[in-house]
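Peer 1: here's my sequence, what's the structure:
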Amino acid sequence: MRASAARSPQWPQNWLDWLKIRRNWMLVAGIVFGLILLLVLGTFAYAFATLPDPSRLDVAAGDVKIVDRHGTLIEQRNAQGVRVIPVKLDEISPNLRNATIAVEDKHFYQHHGVDWGRVIKAGIIDVITRRPQQGASTITEQLAKIAILQSPQKSIVRKLREAMLASALESKYSKDDILKLYLNSIYYGHHATGVEAAAEVYFGKHAKDLTLGEASLLAGLPNGPSYYDPALHKEQALARQAVVLDAMVNTGMITSSQAEQAKNEPLNFVFKENRSSQAPHFVDYVFDQLESTYGASTVSAGGLTVKTTLDLNLQKAAEQAVAVGQQRLGRLGADNGDFVAMDPKTGEILAMVGSADYLNNDIKGQFNVVTALRQPGSSFKPYAYEQAFKSHKLTMGSQLDDTSRHFANGQFHDFDFRDMGIITAHQALLLSRNIPALETMQAAGVDNVVTFARDMGITTPLKSEVTTAIGSSEVRLLDHAVGYGVFANGGTRHDPVSLLEVKDRDGNNLEPPKTQAKQVITAQEAYLITYILKDYSSQWNLGWNKPFAGKSGTTNNYRDAWMMAYSPNLVIGAWVGHTGPGNQDMNGVYGTMVGSSVLKDFINNGLTQAHFNVETFKRPDGLVDGPSCAGSATASPSASPSPSASTGSSSSEKDLYLPGTECKAAPTPSPTPSPTPLTSVIPSILPSGILPSTSSSPTPAPTPTPTPKTTP
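Peer 2: Numbering: from 1, shown residues only. As a prediction, the model looks like this:
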């Protein structure tokens, strides 16, 4: 009875009850369907009522205005380029016409403005992948978006307007007219609107004279003019060209053999453009960020005002500093250089100089070395020491053995072929000794250091090898600045930011990309490195007149010379190298020489002229003073049984420790004869400005190690 009573409220007892329930559900479904239909019809009505005049074609679109953080104009360019040269359809190479249709809208001559089959296919794929992955816009819809709607807002209403305008354009213009308007209005990068300007900028010829290889490359650019820029990303541009050629084969426009011949065709780029910009590399970087954030079509639509993080006063100081470096180091083969400045508290890029001369094709001046891969040399060492310190594998007072010996990849030594013997980790980092850095890498754990460097902001692959400690793995200067920013601001990572505010032509704010701060290490752990590196300028005679911590780096054969520096409110970094014709190696250019030329000019002169106030370091609470760990057993077991006499500081010198890791004072050792100063055997061919100062230590300063030897 209880079971029967329990079932009766849940299950209908006869068909009349079932009929009532069904009728109620049908009523609810009818109401819901009616509301949905009303919403759809209302959306269509609104889209139609607010539809722009399809005859209002604006091929020139709108300007993109790039300003600095204070509102000062950096560069104003037409989103479609400052060069617009409209031409007739018969003045455009059939190769380019076919390539554009094949890769963007292969049914262009069959549909009436909207390719519904493509829309359905894109919808299915997007549902399966759960994200927008397939584009379905036809050439006619793209023309409506670029030349009529000119709005970056993404919504269902806008897509409806595109479809309606496309249908209206198809009824007003012929297919050839639409294709001509489209090819004359689309942006190809490098300030070129339309195929004629693009052909002149990229290849120095008319659009009607383009070969299949040239045409297929240009046809692939509108999908991402910055991403596929052959001047900056040639491999990506050629990969996109291959996609275009394969699409032409699939549509029967060319044969497979013609496609292969075009892929192997030599492309003679000229990159002949006129440009007026106060920070061209930074503007290129900003456009890349705009395209990746809002889409290439949004940028092509134009009408944007972009407030960036750049400070033009610091930008001018950075450009001057790079010029000073070229003047002083050019005679040694340094024909290129770069510079970046960031706010470590926010990640905002304050200055960016991507090369010594943007318009100098001999040094590949348009390539932004700030975002390029280069070996950092000894400037990577702080990551290895920090990992060892924070994991309590070592302290700055720990004893390390600076004796040439064998590691995983062979025999290692410093550039001076001299050994200092037992020294502290503090001294080893300050004097940039290689063998102790490798020993530290082993103590901290190679993979642990690699993982930690990624946490600090290094985004490029790092080799799981001990030589990574002395800079054998390539990194980007921009990432490196993020990593040093963690030391500067007390342990928090802020990824690079270039956009502060983006507005469309109607003054609507577009949401800028968001970055999230990450606490990587504690303030106490971060200050351990700062405590050591704040003396780098005085130790190496760099001549800075403001309180910056710093670290240099030089790679094998003097191919790359780096100098990184930071204060609590500014991170700066510079690189010099040789990217022009001939041998890529320089003649004895050390990272410290970058510090005493490029960074010295920026710190001593540029910051003063820009009225930038440098904050001073403050020691956080929670650290313990103590003596170095004299007599501890932290030296590598592989050390020579009779190492060279130490020229380091005595055990009474104070170091900083995390609580519980400090060393106890050692007994006073018996007097021993003073060692022979190592500086007396340094080869006389070494240039001035790379030797550490001997005034800060009671004993002669050891030989510096700006150049890691990563091979035996």
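Peer 1: report the helix or strand with the lowest average pLDDT across this protein.
Peer 2: helix 2-7 (a mean of 47; mean pLDDT, DSSP states H and E).
Peer 1: which residues touch residue 578?
Peer 2: Applying Cβ atoms under 8 Å, 6 or more residues apart in numbering, we find residue 578 in contact with 333-336, 559, 584-586. The way it works is simple: take the backbone N, C-alpha and C, and place the C-beta from them, glycine included.
Peer 1: again, 10 Å this time
Peer 2: For residue 578, the contact set (Cβ atoms under 10 Å, 6 or more residues apart in numbering) comprises 330, 332-336, 363, 558-560, 584-587, 589.
Peer 1: CA atoms of the helix or strand hosting residue 179 as CSV?
Peer 2: Using DSSP states H and E, residue 179 sits within helix 175-185. Presented in CSV, the C-alpha positions along helix 175-185 are these (Å, rounded to 0.1, in the frame of the first residue of the first chain):
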residue,chain,number,x,y,z
LYS,A,175,31.3,40.0,-59.6
ASP,A,176,34.3,41.6,-61.4
ASP,A,177,33.4,45.0,-59.9
ILE,A,178,33.2,43.5,-56.4
LEU,A,179,36.5,41.7,-56.8
LYS,A,180,38.2,44.9,-58.1
LEU,A,181,36.9,46.9,-55.1
TYR,A,182,38.0,44.3,-52.7
LEU,A,183,41.5,43.9,-54.1
ASN,A,184,41.9,47.7,-54.0
SER,A,185,40.7,48.1,-50.4
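Peer 1: for that helix, buried residues please.
Peer 2: Neighbour-count burial for helix 175-185, counted by 16 or more other Cβ atoms under 10 Å, picks out 178-185.
Peer 1: would you turn the residues you listed into CSV with distance to residue 510?
Peer 2: Formatted as CSV, the buried residues of helix 175-185 follow (distance: Cβ to Cβ, whole Å):
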residue, distance to residue 510
178, 29
179, 30
180, 31
181, 27
182, 25
183, 28
184, 27
185, 22
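Peer 1: which one of those is nearest residue 209?
Peer 2: residue 183 (15.2 Å; Cβ to Cβ).
Peer 1: isn't the closest one right up against residue 94?
Peer 2: No. The criterion here is Cβ atoms under 10 Å, and residue 183 misses it with residue 94 at 11.9 Å.
Peer 1: what do the two both touch?
Peer 2: In contact with both residue 183 and residue 94: no residue, using Cβ under 10 Å, 6+ apart.
Peer 1: so which of the contacts of residue 578 is surrounded by the most neighbours?
Peer 2: residue 589 (29 neighbours; other Cβ atoms under 10 Å).
Peer 1: that one: what secondary structure?
Peer 2: Look at residue 589: counting by DSSP: H, G, I helix; E, B strand; the rest coil, its state is coil.
Peer 1: with residue 554 as the reference, measure out to it.
Peer 2: Distance of residue 589 to residue 554, given as Cβ to Cβ, to the nearest Å: 8 Å.
Peer 1: ok, now residue 252?
Peer 2: Taken as Cβ to Cβ, the span from residue 252 to residue 554 is 57 Å.
Peer 1: which of the two has more neighbours?
Peer 2: residue 554 (33 against 8).
Peer 1: the more buried one and residue 590 touch, don't they?
Peer 2: Yes. Using Cβ under 10 Å, residue 554 is in contact with residue 590, at 4.9 Å.
Peer 1: residue 306 sits in which helix or strand?
Peer 2: strand 304-308.
Peer 1: list the contacts of residue 569.
Peer 2: Here residue 569 is in contact with 343-346, 488-489, 612-616 (Cβ under 10 Å, 6+ apart).
Peer 1: now the two most distant members of the residues you listed.
Peer 2: 346 and 616 (19.3 Å).
Peer 1: between these two, who's got more neighbours?
Peer 2: Between residue 346 and residue 616, counted using other Cβ under 10 Å, the more crowded position is residue 346 (16 against 10).
Peer 1: how much space between the more buried one and residue 520?
Peer 2: From residue 346 to residue 520 the distance is 16 Å (Cβ to Cβ).
Peer 1: looking at the contacts of residue 569, state which has the most neighbours.
Peer 2: residue 488 (28 neighbours).
Peer 1: just to check, it is in contact with residue 341?
Peer 2: No. Using Cβ under 10 Å, residue 488 is not in contact with residue 341, being 11.9 Å away.
Peer 1: quickly list what's touching both of these two.
Peer 2: Contacts common to residue 488 and residue 341, judged by Cβ under 10 Å, 6+ apart, are 481, 565, 570-571.
Peer 1: low-confidence stretches in the stretch 1-150 of the chain?
Peer 2: 1-22, 32-62, 78-85, 113, 115-136, 147-150 (pLDDT under 70).
Peer 1: leaving out chain neighbours, which residue sits closest to residue 564?
Peer 2: residue 573 (4.6 Å; Cβ to Cβ, 6 or more residues apart in numbering).
Peer 1: neighbours around that neighbour, how many?
Peer 2: 29.
Peer 1: contacting residues around the nearest residue to residue 348 once chain neighbours are set aside?
Peer 2: Distance criterion Cβ to Cβ, 6+ apart; nearest residue to residue 348, sequence neighbours excluded, is residue 309 at 3.8 Å. Shown in contact with residue 309 (Cβ under 10 Å, 6+ apart): 68-69, 282, 286, 342-343, 346-352, 496-500.
Peer 1: what of residue 493?
Peer 2: Taking Cβ under 10 Å, 6+ apart, one finds 344, 347, 455-457, 482-483, 485-486, 515-521 in contact with residue 493.
Peer 1: how does it look with 8 Å?
Peer 2: 455-457, 482-483, 485-486, 517-520.
Peer 1: nearest to residue 197 among these?
Peer 2: Checking the contacts of residue 493 one by one against residue 197 (Cβ to Cβ), the nearest turns out to be residue 482, at 37.1 Å.
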